[in-house]
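> Provide a 3D model corresponding to the input given below.
(one chain, ligands or ions: 1)
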Amino acid sequence: MSDGIGEYGGVFRHVIGGRPEGWNWMAGQHQGWGGINMAMQECLVRVGALWQVKAEDQSGPLPNLATSWNWNDERTELTLNLIEGAHWSDGDPFDAEDVRFWWEDNAQDENVSAWMSPNGMGEGTMLEVIDPATVRFNFQSPQGPSRVQSLAYIQGCPGPSHVLKEHHPTYNSDATYDSYRGALPSDLLPPVVMGPWVPVVHRPDEIVIMRRNPYYWKVDEAGNQLPYMNEMHFKLTTWSDRTTQAVAGTGDFSNMENPGNYVEALKQSQAADSPTKAQFGPRVLSWELELNLSETLGVKDDVDRELRGLFRTKDFRVALSHALDREAIGQSIARGPFSYPYPGGFSTGSPYYDVDSTVYRPFDQAKANAMLDALGLTDTDGNGLRNLPGTGGDMVIDLVYDTSEPTDKKQVDAVVSMLAEVGISILPRTVEEIEVVADAGDFNMLERRHHWVIPTRQTCDYVPISDPCPDWHRVDNDGNRTLFDWEVEMVEAVNLIQETWDPAAAAEAARTIQRIWTENVYTIGLTQAPAALLINKRIRNAHPGTPVFMFEWAEDGVVRERLWVPASEQLEELLPGTAPVY
Ligand code: GLA
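Sure, this is the predicted structure:
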């Protein structure tokens, strides 16, 4: 702890752009992001603080609810020893039944869209309860230490089985899967958690107030119970406002990830009397276009069907890549040296990124035009737009994106004008929550921030390891999907990373993924940028150098339960002297 043992009390003020969907994270609900879920949930292992561990000392994730683990000689069994004597925030003991319920009745129940995908621990993996403090994963084939990392953040975070079982269709014949997902609505407070803070007040579009969890089970090195801070606020406004308020000193924290604000925020935070410290990290933020590769999911008519056929044609994707001037796209979101063309795959700030394994199709309008012509996409009626050879109409592609960040809008504007120059009309459709559309596979083209840094982190967001992923190539409702051979090769490379005990072999497999991804233009990368972490100077133990995003987001990486503020600088609590009441 860079500033040592803390003083108790005070308030930590977050500002977020999301809104809590509900508290049932086991069923895949989100709590509005920006660190609110990480303040409530605890997972079997933890990776956020691994950025503090030197490469030669890295030996897998940090213990958390699983305090230790061991493998059998064949590496086909992973036994997790769970923390003993820890309690949920309502006093109920935490034990193996919570882990079993998370796995069997959520991750493995195909009617529940849990954050851990059915094959998230490998195909055919089973969980066995040994005793109340021990569980064991049984794998179909030998696995390696990376497998354990999949049990961190969001994926491996059990919920309170003693609360949720009665709402689950397996245990209650009156319940449906819809009612189960909605069983813990965001106005039902306080939810039962294992995390350091518990939501006790939720005023929609205004604030979520969290109070310290009296049952929290972590201590500092002197045995003092954590967290140090009594109260945590999540003001519900916008993501840009998070940066504005952090710079102004009315918020305590921001992952500055909206490049349009960088210059001004940097200027202001350099002033001696600025309330905020700003620190840039590596280029880990990237934005991309996703073309839906499913032949059927979300297909409404013949035009959609023809578009999907084109999307599945490599030359079409390559042509689109050549049509985009990524330098100009980058300058449109922030003038100056911040952005860098993104070819897809791992972001350049990832330890797994390799330039020599990256195939880049840079801006070349003539080439784009020639390739589109060769695909039979010509302008048959002379109106400046190419026509679809099958259905005959103008080449118009709908593109869905999220309105909450100007960074997305600026890139979409640039894409629209660049593709118009090669005879393709893009019809933007705006939504408030891109995840909802993406998860349903209900789009032809989609733009969003999407970055891959650590191959074992939420792998299902990137490669087709399970039926419901990735969003741009999901299995349709009848179970259909035609994977390309090279997609299968990427899955094999991911499996190798999960199985190997040799870090060099894992790095090699990551290079294979990078090569296949960029060679085939699996997604069309746009731009990438570094992010800066803004933290109020009042806050102690915010370790210098905490990256905004590396093994996990900074909210986890900074280890908030150890942050503290000297009593003389503490802010007044809104609910002093109160604890969550059940
Ligand atoms: C959102 C924000 C990120 C980070 C994460 C945490 O995605 O944009 O900066 O706060 O939430 O989950």
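
> State the pLDDT value of residue 286.
pLDDT recorded at residue 286 is 96.

> Leaving out chain neighbours, which residue sits closest to it?
Once flanking residues are discounted, residue 286 sits nearest to residue 528: 3.9 Å by Cβ to Cβ, 6 or more residues apart in numbering. Every residue, glycine included, has its C-beta placed from N, CA and C.

> next one: residue 317
Nearest to residue 317 is residue 521, by Cβ to Cβ, 6+ apart, at 3.8 Å.

> tell me the contacts of the one you found?
314, 317, 318, 320, 321, 344, 361 (Cβ atoms under 8 Å, 6 or more residues apart in numbering).

> Any figure for the gap between it and residue 287?
15 Å (Cβ to Cβ, to the nearest Å).

> Neighbouring strands - and their directions - for the top strand by length along the chain?
Determined from DSSP state E, the single longest strand within the chain is strand 276-291. If you go by DSSP bridges, strand 276-291 pairs up with strand 445-449 (antiparallel), strand 524-536 (antiparallel).

> ranking those by burial, who's on top?
Of all these, strand 524-536 has the most neighbours on average by mean count of other Cβ atoms under 10 Å, namely a mean of 25.

> Helix or strand next in line after that one, which one?
Per DSSP states H and E, strand 524-536 leads on to helix 554-557 as the next helix or strand towards the C-terminus.

> pLDDT at the spatially closest residue to residue 62 that is not a sequence neighbour, what is it?
Excluding its sequence neighbours, the residue lying closest to residue 62 (Cβ to Cβ, 6+ apart) is residue 46, at 4.6 Å. pLDDT, residue 46: 97.

> so residue 46 touches residue 60, yeah?
No: using Cβ atoms under 8 Å, residue 46 is not in contact with residue 60; the gap is 11.0 Å.

> So the two - more neighbours on which side?
residue 46 (24 against 15; other Cβ atoms under 10 Å).

> Quick check: next helix or strand after the longest strand of the chain?
Following strand 276-291 in sequence order, the next helix or strand is helix 302-311 (DSSP H and E).

> Taking helix 302-311 as reference, get the angle to the helix or strand just after that following helix.
Downstream of helix 302-311, the next assigned helix or strand under DSSP H and E is helix 314-323. Taking axes from the mean of the first three to the mean of the last three Cα atoms, to 10 degrees, one finds that helix 314-323 is oriented at 80 degrees with respect to helix 302-311.

> How far away from the center of its chain is helix 314-323?
Averaging C-alpha positions (Cα atoms, centre = their mean, to the nearest Å) puts helix 314-323 27 Å from its chain's average.

> cool, stretch 152-161 as well?
In terms of Cα atoms, centre = their mean, the centre of stretch 152-161 is set 15 Å apart from its chain centre.

> Likewise for stretch 419-431?
For stretch 419-431, the distance to the chain centre is 27 Å (Cα atoms, centre = their mean).

> what comes into contact with that stretch?
With Cβ under 8 Å, 6+ apart as the criterion, stretch 419-431 contacts 319-320, 323-324, 365, 368-369, 372, 377, 379, 384-386, 394-403, 412, 415-416, 437, 445.

> ok, residue 136 to the ligand distance?
Distance, residue 136 to the ligand, by Cβ to the nearest ligand atom, to the nearest Å: 30 Å.

> Contact residues of the stretch 151-300 of the chain facing the ligand?
Applying Cβ under 6 Å from any ligand atom, one finds that the stretch 151-300 of the chain approaches the ligand through 239, 255, 257.

> Produce a ChimeraX select command limited to the buried residues of the residues you listed.
To isolate the buried members of those in ChimeraX, using 16 or more other Cβ atoms under 10 Å:
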select :239,255,257
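
> Now, the residues of the stretch 151-300 of the chain next to the ligand that are in strands?
residue 255.

> Out of the residues of the stretch 151-300 of the chain next to the ligand, the closest to residue 71 would be?
Proximity of these to residue 71 (Cβ to Cβ) peaks at residue 255, which lies at 35.3 Å.

> And for the residue lying closest to residue 236 once chain neighbours are set aside, the neighbour number?
Excluding the flanking residues, the one nearest residue 236 by Cβ to Cβ, 6+ apart is residue 205, at 5.3 Å. By other Cβ under 10 Å, the residues close to residue 205 number 8.

> Double-check residue 291 against residue 311; I have them as touching.
Yes: Residue 291 lies in contact with residue 311 (Cβ under 8 Å); the separation is 4.1 Å.

> Quickly list what's touching both of these two.
317, 444.

> Which of these two has more residues huddled nearby?
residue 291 (24 against 21).
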